[in-house]
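J.: dropping the sequence and predicted coords here.
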Protein chains: 2
Amino acid sequence: MIPFGFEITARDGAARQGRVATAHGSFATPAFMPVGTAATVKAMSAADVAATGAKIVLANTYHLMLRPGAERVARLGGLHTFMNWPGPILTDSGGYQVMSLAKLRTLSDKGVTFQSHLDGATYELTPERAVEIQNLLDADVTMVLDECPAYGADKDAMTASLDLTLAWARRSKDAFVARGGYGLFGIVQGGVFDDLRRRSAEALIDIGFDGYAVGGLAVGEGQETMFQVLDVTLPYLPDAAPRYLMGVGTPPDILGAVTRGIDMFDCVLPTRSGRTGKGFTRGGEINIRNARHAEDPRPIDEACGCTACTGHSRAYLHHLFKAEEMLGAMLLTRHNLTYYQDLMRGIRAAVGAGGLAAFAADCRAGWSAGDIAPI
Amino acid sequence: MIPFGFEITARDGAARQGRVATAHGSFATPAFMPVGTAATVKAMSAADVAATGAKIVLANTYHLMLRPGAERVARLGGLHTFMNWPGPILTDSGGYQVMSLAKLRTLSDKGVTFQSHLDGATYELTPERAVEIQNLLDADVTMVLDECPAYGADKDAMTASLDLTLAWARRSKDAFVARGGYGLFGIVQGGVFDDLRRRSAEALIDIGFDGYAVGGLAVGEGQETMFQVLDVTLPYLPDAAPRYLMGVGTPPDILGAVTRGIDMFDCVLPTRSGRTGKGFTRGGEINIRNARHAEDPRPIDEACGCTACTGHSRAYLHHLFKAEEMLGAMLLTRHNLTYYQDLMRGIRAAVGAGGLAAFAADCRAGWSAGDIAPI
């Protein structure tokens, strides 16, 4: 049986360059996973996603359990076949979306009962069912079901939530069917409370997982607080396992988290922004709807090799967004995901060369310098 | 100066197999031109369009003159650069959309004044301006401005309209700047009145154009009437020039029109259908939203080589449409345009082999047989 593997291939301070091996291939870390919520990275074909350089995508258990249903995906051959994505796939557990999207939630020790935001039908999600669904989806990386308190919960509430989450983590581990190349990740919770984060990390290590995620961040706490939580949490996580910061984030967030020792990221930012006209560039963010781009023959980012940048002007993208043409979202999403993958490639190379600090300083200088001057 | 060229390479009855040479390359006929209204074939990148086998696309003068504006497209290098479509482009004259989309139209001998459906701004479109706009767009094929009466206009109204259209055709010819590889097409009008169609054709030939379109059809008259109009019109058109049936049509429409001697087509049907869930197959049309496809692991059309059919199941397409994911429209549009291009390739090969009637019978038998049985 091929183990779910992680090797560290270089270090630069706390930052690590590595490789995760799964049943559907391996990927280099630090890695950014595009979000394919409903078994599609929005506005992108699977080939488009691969062309950006992405090697692993994320899909959402909550959305897929409601539609088309995990058993149906399994009958159709699993997510890889369904999406035509042969590479690694990580699925979240559904816990976060149950809290943010579902209606009439009822939480108990057993799990959570909720009504679908689509049609009001009642579903139950337990740690065991969340693991089963992810098995049915054929996820290479399964996430444990966790309870996600709203940002700002007080310490008593956070402690109670953490107790529940740790009990669920144990049950998730018991439910997980070990298979070659498939891994199960625990999720560190505990809000902004240092001792809870430490307790969470230690308890998860005691259970034993193939990787460790840091959850409950990117929920409104701000970058400074997020970095503080990483600073107090990461020292308690095992060096030899991959570390995944869930739902993060902006390019500066990613640079700061990699510097602190994070290996994996996911975020809807590049895809969602791509649909609303926001583009990421080496000179910071631009809004392609802005009139300054209306007659600009230059690409979004002259250093980018994506098809949006090699084939089209800012003026064309501006026109597509003004005309509400789907191709605008398609091209800008390709660009943004390519930008993110280029950033990760740069980070990996910098860690390998021991030059992460200089690389990060260069990136930040570019973002601070701002967009190219109008013609 | 390279002439705008047309050669007939084979015949089968009245049907012709040929090749049109333009400043931006040549294309085989009978040809189907995907519609790229606002300088984008909806839901498709330029590379996606090329991958379907399309060699020429159509763009709309009306939409582009309003947004982003013809002068702006010209400053940005013309439509080929703007869209990143290096091949031939045909633009319509804007006349049809002025009648169907614009507000507060005022028609005079000089031209038509109207308000933009986008922002109410007032524009004037004259035969001279329509030609100028298409020149600014860098269209390989320019269409003359014509007046398009509503379907059902009586003979007096149609005669008056034809008089105006013929006067505009003369002025369009005078305004057209001859350039190597660029052509100007006249448009035969006259509704369902045989003598008016004949008069229109003869008057246009007298002016002299590089190709001849049949306009005023596919406006609700039905296939039988449309074919009758072709039967009485095409004998009056020069054999040596390409013949373009505007805005047509369904696969059966195309087969019938090719059999009568038409060389070029455009229609929004494959692209619009692709966005609403209708797929064209060798077994007729399917609605991918139908529940029968929800768990069908087979492709839309097993004989199709497009990326939607080689990479994905009907079940996945069904899911994407149910989930309102953009990728559904992207994949089904690719499929439909590929289906249309495959049909045209089959038609050209059949004409070349003298087997068009048998090919058409095979196509019709497949459509009549209907969709594959549910699993």
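T.: Noted; the coordinates are in hand.
J.: is there a neighbour count for the residue of the stretch 251-375 of chain A found nearest chain B? I'd like the number.
T.: Here the stretch 251-375 of chain A gets closest to chain B at one residue, A:Gly311, 4.1 Å apart by Cβ to the nearest Cβ. Where you see a C-beta, it was placed from the backbone N, CA and C, and this is true even at glycine. When counting by other Cβ atoms under 10 Å in any protein chain shown, one arrives at 17 neighbours for A:Gly311.
J.: A:Glu224 too?
T.: Neighbours of A:Glu224 (other Cβ under 10 Å): 9.
J.: and it, what's its pLDDT?
T.: Listed pLDDT for A:Glu224 reads 97.
J.: and it, helix, strand or coil?
T.: Three-state assignment for A:Glu224 (DSSP: H, G, I helix; E, B strand; the rest coil): helix.
J.: how much space separates it from A:Cys306?
T.: 32 Å (Cβ to Cβ, to the nearest Å).
J.: and the residue of the stretch 251-375 of chain A closest to chain B, what does it touch?
T.: B:46-47, B:84 (Cβ atoms under 8 Å, 6 or more residues apart in numbering or on different chains).
J.: just name the closest of those residues to A:Ile207, please.
T.: B:Ala47 (48.3 Å; Cβ to Cβ).
J.: make sure the closest one is indeed in a helix.
T.: Yes: counting by three-state DSSP, B:Ala47 is part of a helix.
J.: contacts only, for A:Gly355.
T.: Residues counted as contacts of A:Gly355 (Cβ under 8 Å, 6+ apart) are A:Asp12.
J.: right, I mislabeled it, should have said A:Gly247
T.: Contacts of A:Gly247 (Cβ under 8 Å, 6+ apart): A:96, A:217-219, A:266-267.
J.: dump the residues you listed to a markdown table, plus secondary structure and distance to chain B.
T.: Shown next, in a markdown table, are those (DSSP: H, G, I helix; E, B strand; the rest coil; distance: Cβ to the nearest Cβ, whole Å):
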| residue | secondary structure | distance to chain B |
| --- | --- | --- |
| A:Tyr96 | helix | 19 |
| A:Leu217 | coil | 28 |
| A:Ala218 | coil | 24 |
| A:Val219 | coil | 25 |
| A:Asp266 | strand | 18 |
| A:Cys267 | coil | 19 |
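J.: turn these into TSV, columns for pLDDT.
T.: Putting those into TSV (pLDDT from 0 to 100) gives the following:
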residue	pLDDT
A:Tyr96	89
A:Leu217	94
A:Ala218	90
A:Val219	89
A:Asp266	98
A:Cys267	98
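J.: looking at the residues you listed, which two lie furthest apart in space?
T.: It's A:Val219 and A:Asp266 that sit farthest apart of the contacts of A:Gly247, by Cβ to Cβ, at 14.3 Å.
J.: more neighbours: the two, which one.
T.: Of the pair A:Val219 and A:Asp266, A:Asp266 is the one with more neighbours under other Cβ under 10 Å, namely 23 against 16.
J.: who is the more buried one paired with across the strands?
T.: A:Met33 (DSSP bridges).
J.: now A:Thr113
T.: A:Thr106, A:Glu124.
J.: all strands of the stretch 1-150 of chain A, in order?
T.: Applying DSSP state E, counting those that start in this stretch to the stretch 1-150 of chain A gives strands spanning A:5-12, A:15-22, A:25-29, A:31-33, A:57-59, A:89-91, A:103-107, A:112-115, A:122-125, A:141-143.
J.: the last one: partners in the sheet, and parallel or antiparallel?
T.: Take DSSP bridges as the rule and strand A:141-143 pairs in its sheet with strand A:89-91 (parallel), strand A:183-188 (parallel).
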